[in-house]
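In: Show me the folded form of this:
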Amino acid sequence: MKYLITYYSKTGNTKRVALDLAENLKADVDEIIDLKDRSGIKGWLLSGRDGMKEYLTEIKTCKDPKDYDVVIVGTPVWGWNSTPAVRTYIDKFKKQFKKVIIFITSGDTKPEKTVASLQKLVDKKIDIFEGWNTKELKDKKIYQEKFDNFCKRIKQ
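Out: Sure, this is the predicted structure:
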(Lines give C-alpha, C1' and ligand atoms only; values in the text may rest on other atoms or scores of the structure.)
Protein backbone atom coordinates (compact mmCIF):
# COMPACT_ATOMS: atom_id res chain seq x y z
CA MET A 1 0.00 0.00 0.00
CA LYS A 2 1.15 3.49 -0.80
CA TYR A 3 0.03 5.98 1.89
CA LEU A 4 -0.16 9.75 1.90
CA ILE A 5 -0.53 11.51 5.24
CA THR A 6 -1.89 15.00 4.68
CA TYR A 7 -2.72 17.36 7.50
CA TYR A 8 -3.31 20.89 8.69
CA SER A 9 -1.88 21.89 12.07
CA LYS A 10 -1.76 25.25 13.81
CA THR A 11 -0.46 24.29 17.27
CA GLY A 12 1.52 21.17 16.37
CA ASN A 13 -0.76 18.47 17.80
CA THR A 14 -2.07 17.28 14.43
CA LYS A 15 1.43 17.51 12.94
CA ARG A 16 2.77 15.26 15.72
CA VAL A 17 0.22 12.53 14.94
CA ALA A 18 0.82 12.93 11.18
CA LEU A 19 4.58 12.51 11.51
CA ASP A 20 4.18 9.53 13.85
CA LEU A 21 1.83 7.91 11.32
CA ALA A 22 4.21 8.61 8.46
CA GLU A 23 7.04 6.91 10.31
CA ASN A 24 4.94 3.90 11.30
CA LEU A 25 3.35 3.41 7.86
CA LYS A 26 6.40 4.42 5.79
CA ALA A 27 4.16 7.07 4.22
CA ASP A 28 4.70 10.30 2.36
CA VAL A 29 3.64 13.50 4.12
CA ASP A 30 2.01 16.63 2.72
CA GLU A 31 1.22 19.59 4.97
CA ILE A 32 -1.83 21.61 3.95
CA ILE A 33 -0.95 25.30 4.08
CA ASP A 34 -3.85 27.71 4.71
CA LEU A 35 -3.11 30.89 2.79
CA LYS A 36 -5.42 33.00 4.99
CA ASP A 37 -3.72 34.94 7.79
CA ARG A 38 -4.94 33.32 11.01
CA SER A 39 -2.49 34.98 13.40
CA GLY A 40 -3.32 36.84 16.60
CA ILE A 41 -6.58 37.09 18.48
CA LYS A 42 -8.47 38.25 15.38
CA GLY A 43 -7.19 35.23 13.44
CA TRP A 44 -8.15 32.92 16.31
CA LEU A 45 -11.69 34.30 16.44
CA LEU A 46 -12.13 34.17 12.65
CA SER A 47 -10.75 30.61 12.59
CA GLY A 48 -13.35 29.43 15.09
CA ARG A 49 -16.12 31.11 13.10
CA ASP A 50 -14.80 29.70 9.80
CA GLY A 51 -14.73 26.21 11.30
CA MET A 52 -18.21 26.50 12.78
CA LYS A 53 -19.69 27.80 9.53
CA GLU A 54 -17.83 25.17 7.47
CA TYR A 55 -16.15 27.77 5.26
CA LEU A 56 -13.53 26.89 2.67
CA THR A 57 -10.24 28.76 2.19
CA GLU A 58 -7.30 28.99 -0.19
CA ILE A 59 -4.69 26.29 0.36
CA LYS A 60 -1.33 25.12 -0.92
CA THR A 61 -0.20 21.47 -1.07
CA CYS A 62 2.61 19.64 -2.84
CA LYS A 63 1.61 16.00 -3.42
CA ASP A 64 -1.07 14.61 -5.75
CA PRO A 65 -3.43 12.26 -3.85
CA LYS A 66 -4.28 10.30 -7.02
CA ASP A 67 -0.78 8.77 -6.79
CA TYR A 68 -1.67 6.98 -3.52
CA ASP A 69 -3.76 3.96 -2.54
CA VAL A 70 -4.79 5.53 0.77
CA VAL A 71 -4.98 9.18 1.79
CA ILE A 72 -4.98 9.79 5.54
CA VAL A 73 -6.22 13.29 6.41
CA GLY A 74 -5.61 14.96 9.77
CA THR A 75 -7.41 17.97 11.17
CA PRO A 76 -7.72 19.81 14.45
CA VAL A 77 -11.22 20.82 15.53
CA TRP A 78 -12.23 24.45 15.14
CA GLY A 79 -15.72 25.51 16.18
CA TRP A 80 -16.73 21.84 16.63
CA ASN A 81 -15.79 21.09 12.99
CA SER A 82 -12.75 20.42 10.86
CA THR A 83 -10.61 23.32 9.71
CA PRO A 84 -11.39 25.25 6.53
CA ALA A 85 -8.04 24.10 5.08
CA VAL A 86 -8.93 20.42 5.46
CA ARG A 87 -12.45 20.93 4.13
CA THR A 88 -10.97 22.72 1.11
CA TYR A 89 -8.45 19.91 0.58
CA ILE A 90 -11.17 17.24 0.67
CA ASP A 91 -13.47 19.27 -1.57
CA LYS A 92 -10.67 19.82 -4.09
CA PHE A 93 -9.30 16.26 -4.22
CA LYS A 94 -12.13 13.92 -3.15
CA LYS A 95 -12.60 12.49 -6.63
CA GLN A 96 -8.96 11.39 -6.62
CA PHE A 97 -9.19 9.47 -3.32
CA LYS A 98 -9.20 5.70 -3.71
CA LYS A 99 -9.58 5.28 0.05
CA VAL A 100 -9.67 7.98 2.72
CA ILE A 101 -8.98 7.72 6.46
CA ILE A 102 -9.40 10.57 8.96
CA PHE A 103 -7.72 11.50 12.22
CA ILE A 104 -8.66 14.36 14.49
CA THR A 105 -7.08 16.26 17.36
CA SER A 106 -9.22 18.37 19.67
CA GLY A 107 -9.55 20.01 23.03
CA ASP A 108 -12.35 17.68 24.06
CA THR A 109 -14.66 17.31 21.04
CA LYS A 110 -15.71 13.76 20.18
CA PRO A 111 -14.30 12.79 16.75
CA GLU A 112 -17.61 11.33 15.53
CA LYS A 113 -19.15 14.79 15.04
CA THR A 114 -16.26 16.05 12.95
CA VAL A 115 -16.08 12.84 10.93
CA ALA A 116 -19.82 13.04 10.19
CA SER A 117 -19.43 16.47 8.58
CA LEU A 118 -16.38 15.29 6.59
CA GLN A 119 -18.30 12.17 5.53
CA LYS A 120 -20.86 14.38 3.77
CA LEU A 121 -18.13 16.37 2.08
CA VAL A 122 -15.98 13.45 0.90
CA ASP A 123 -19.04 11.64 -0.46
CA LYS A 124 -17.63 8.18 0.21
CA LYS A 125 -17.47 5.93 3.22
CA ILE A 126 -14.84 6.74 5.81
CA ASP A 127 -14.25 3.33 7.32
CA ILE A 128 -11.44 4.22 9.67
CA PHE A 129 -11.03 7.28 11.85
CA GLU A 130 -9.50 8.12 15.19
CA GLY A 131 -9.42 11.13 17.48
CA TRP A 132 -7.21 12.33 20.29
CA ASN A 133 -8.21 15.02 22.77
CA THR A 134 -5.72 17.18 24.67
CA LYS A 135 -5.58 14.84 27.68
CA GLU A 136 -4.89 11.81 25.45
CA LEU A 137 -2.20 13.66 23.52
CA LYS A 138 -0.41 14.56 26.76
CA ASP A 139 -0.65 11.08 28.32
CA LYS A 140 2.05 9.00 26.59
CA LYS A 141 0.47 5.66 27.48
CA ILE A 142 -3.04 6.57 26.27
CA TYR A 143 -1.65 8.22 23.14
CA GLN A 144 0.46 5.20 22.25
CA GLU A 145 -2.35 2.68 22.84
CA LYS A 146 -4.77 4.60 20.60
CA PHE A 147 -2.04 5.23 18.03
CA ASP A 148 -1.03 1.56 17.85
CA ASN A 149 -4.66 0.47 17.51
CA PHE A 150 -5.24 3.05 14.75
CA CYS A 151 -2.18 1.85 12.82
CA LYS A 152 -3.27 -1.76 13.20
CA ARG A 153 -6.73 -0.96 11.75
CA ILE A 154 -5.15 0.96 8.86
CA LYS A 155 -2.84 -1.94 7.94
CA GLN A 156 -5.65 -4.54 7.96
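In: Next, the buried residues of stretch 87-104.
Out: Within stretch 87-104, the residues that count as buried by 16 or more other Cβ atoms under 10 Å are 87-90, 93-94, 97, 99-104. Where you see a C-beta, it was placed from the backbone N, CA and C, and this is true even at glycine.
In: likewise stretch 32-42?
Out: Those would be 32, 34, 38, for stretch 32-42 by 16+ other Cβ under 10 Å.
In: quick one: pLDDT of residue 124?
Out: Here the pLDDT value assigned to residue 124 is 83.
In: secondary structure class for it?
Out: For residue 124, the assignment made with DSSP: H, G, I helix; E, B strand; the rest coil gives coil.
In: what's it in contact with, if anything?
Out: Contact partners of residue 124, counting by Cβ atoms under 8 Å, 6 or more residues apart in numbering, are 94, 97, 100.
In: Touching, the second one and residue 122? I think so.
Out: What it means is residue 97. Yes: with contact defined as Cβ atoms under 8 Å, residue 97 reaches residue 122; the gap is 7.0 Å.
In: Count the neighbours of residue 142 for me.
Out: Neighbourhood size, residue 142 [other Cβ atoms under 10 Å]: 14.
In: Go ahead and report the secondary structure state at it.
Out: Relying on three-state DSSP, one would call residue 142 helix.
In: what's the spacing between stretch 54-68 and its chain's center?
Out: Centroid displacement of stretch 54-68 relative to its chain, using Cα atoms, centre = their mean, to the nearest Å, is 12 Å.
In: and it, what's its mean pLDDT?
Out: Averaging pLDDT along stretch 54-68 yields 97.
In: Quick one: end-to-end length of it, please.
Out: Start-to-end span of stretch 54-68 (Cα to Cα, to the nearest Å) is 27 Å.
In: The helix or strand of the chain with the lowest mean pLDDT: which residues count as buried?
Out: The weakest-scoring helix or strand in the chain, judged by mean pLDDT, DSSP states H and E, is helix 111-122 (a mean of 88). For helix 111-122, a neighbour-count test (16+ other Cβ under 10 Å) marks 111, 113-115, 118-119, 122 as buried.
In: Same question for stretch 6-21.
Out: Buried residues in stretch 6-21, counting neighbours by 16+ other Cβ under 10 Å, are found at 6-10, 13-21.
In: Return the closest of those with respect to residue 126.
Out: Each of the buried residues of stretch 6-21 was checked against residue 126 using Cβ to Cβ; the closest is residue 6, at 14.4 Å.
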